[in-house]
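1. Sequence and predicted model, in that order:
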Amino acid sequence: MRRVGAWQRPEEEAIATSGRRIVCQKASAPSRDRIVGKKQRIVIAEDHTILREGLRAMLSSDPDFEIVAEAVDGRDAIQCVENLLPDLVLMDLSLPRMNGIDAIKEIKKRCPQTKVLVLTVHRTEEHILATLRAGADGYVLKDATHAELLMGIKSVLGGRPYLSPGVSETVIEGYLEGRKTSKSSTPWHTLTQRQREILKLIAEGYKSKEIADYLYISVKTVEKHRANLMKKLDLHNVSDLTALAIEKGLVTR
């Protein structure tokens, strides 16, 4: 599957990822045109092909933007950002293998100068606050208009945070109700990042050996995490784990 269209050049680097290919141009020293320049360089991280193609077509028609790469999961997005050093990542949250929130944390750790604007269907306070804590610069809902998305992109690129109106209302309501950071602790909130990562992969249908290979850990460690997840969450089979992962927005069906 091609990730980059007409902007692909001979010097681009092909990165093999889990049987898929994603093409990212190697980062180079910025030219004078880029420093003063007219175009803002954007990576789109979205696993649904039709949405990704629509976003690419819409943003490519704007003379201020250049789409330099596309990613289909969180790890691809991190790799593209490291290789290309874009100005902005337009990031979905429900990405396969590594979700958007974990990808944002890594991107901000490795390339803090890159802005991240989330584009998602998730409008719960839990998702919004977790995303902002991860370091996102803005949060736009997928039912936004073309004009609102452009406003969000330009605000974030200009150094101003942006929240969709519906998102702002959710955050304000949570603040007024005394839930400024998070709801009261539940078994779900006690899961470690590694446990959530393994839960996501289990729910996506990966076997223990595949998860172990992907995370560079042993099968025994994966099985231990699986057992701890079931015990901590009081769940008893993979179907229950998958249902919870869908409910919490880790995966979509």
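-> Sure, I can see it.
2. Show me where this structure dips below the pLDDT cut-off.
-> Residues of the chain meeting the criterion pLDDT under 70: 1-37, 172-185, 252-253.
3. go again using 50 as the cut-off
-> Scanning the chain for pLDDT under 50 picks out 1-23, 25-36, 180-183.
4. domain assignment for it?
-> Domain assignment for the chain, taken from automatic domain parsing, gives 13-176, 187-247.
5. Where do the strands of the stretch 51-200 of the chain begin and end?
-> Using DSSP state E, counting those that start in this stretch, the strands found in the stretch 51-200 of the chain span residues 65-71, 88-91, 115-120, 138-141, 162-163.
6. Mean neighbour count, these: which tops it?
-> strand 88-91 (a mean of 27; mean count of other C-beta atoms under 10 Å). Backbone N, C-alpha and C define where each C-beta goes, glycine included.
7. list the helices and strands that strand packs on?
-> strand 40-45, helix 74-84, helix 100-110, strand 115-120, helix 146-157 (3 or more C-beta pairs under 8 Å, 6 or more residues apart in numbering; DSSP states H and E).
8. The ones you listed into a markdown table, with extra columns for distance to His225?
-> Below are the helices and strands packed on strand 88-91 laid out as a markdown table (distance: least, C-beta to C-beta, whole Å):
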| stretch | distance to His225 |
| --- | --- |
| strand 40-45 | 26 |
| helix 74-84 | 19 |
| helix 100-110 | 16 |
| strand 115-120 | 27 |
| helix 146-157 | 35 |
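9. of these, which approaches Asp240 most closely?
-> The closest of these to Asp240 is helix 100-110. By C-beta to C-beta, the value is 22.6 Å.
10. what's in contact with that closest one?
-> 45, 74-75, 77-78, 81-82, 89, 91-95, 114, 116, 118, 120, 130-131, 134-136, 193, 196-197 (C-beta atoms under 8 Å, 6 or more residues apart in numbering).
11. Emit the PyMOL select command for whichever of those residues are buried.
-> Command for PyMOL that selects the buried part of these, burial taken from 16 or more other C-beta atoms under 10 Å:
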select buried, resi 45+74+75+77+78+81+89+91+92+93+94+95+114+116+118+120+130+131+134+135+136+196+197
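12. how about the helices of the chain, start to end?
-> Counting by DSSP state H, the chain has helices at residues 32-36, 49-60, 74-84, 100-110, 125-134, 146-157, 165-176, 193-203, 208-215, 219-233, 238-247.
13. what are the C-alpha coordinates of the second one, in CSV please?
-> Listed in CSV are the C-alpha atoms of helix 49-60, where the atom choice follows Å, rounded to 0.1, in the frame of the first residue of the first chain:
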residue,chain,number,x,y,z
THR,A,49,-8.0,4.7,3.9
ILE,A,50,-11.0,6.7,2.7
LEU,A,51,-10.6,9.3,5.5
ARG,A,52,-6.9,9.5,5.1
GLU,A,53,-7.3,10.1,1.3
GLY,A,54,-10.0,12.6,1.9
LEU,A,55,-7.8,14.6,4.4
ARG,A,56,-4.9,14.4,2.0
ALA,A,57,-7.0,15.8,-0.9
MET,A,58,-8.5,18.5,1.2
LEU,A,59,-5.3,19.7,2.8
SER,A,60,-3.2,19.4,-0.4
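14. What are the buried residues along it?
-> Buried residues in helix 49-60 (16+ other C-beta under 10 Å): Arg52, Leu55, Arg56, Leu59.
15. Might one say that the first one is in contact with Ile44?
-> When you say that, I think you mean Arg52. Yes - under the criterion of C-beta atoms under 8 Å, Arg52 makes contact with Ile44 at 5.7 Å.
16. which residues do those two both contact?
-> Common neighbours of Arg52 and Ile44 (C-beta under 8 Å, 6+ apart) are Glu70.
17. what's near enough to touch Val142?
-> Check again: residue 142 is Lys, not Val. Counting by C-beta under 8 Å, 6+ apart, Lys142 has contacts Leu119, Thr120, Val121.
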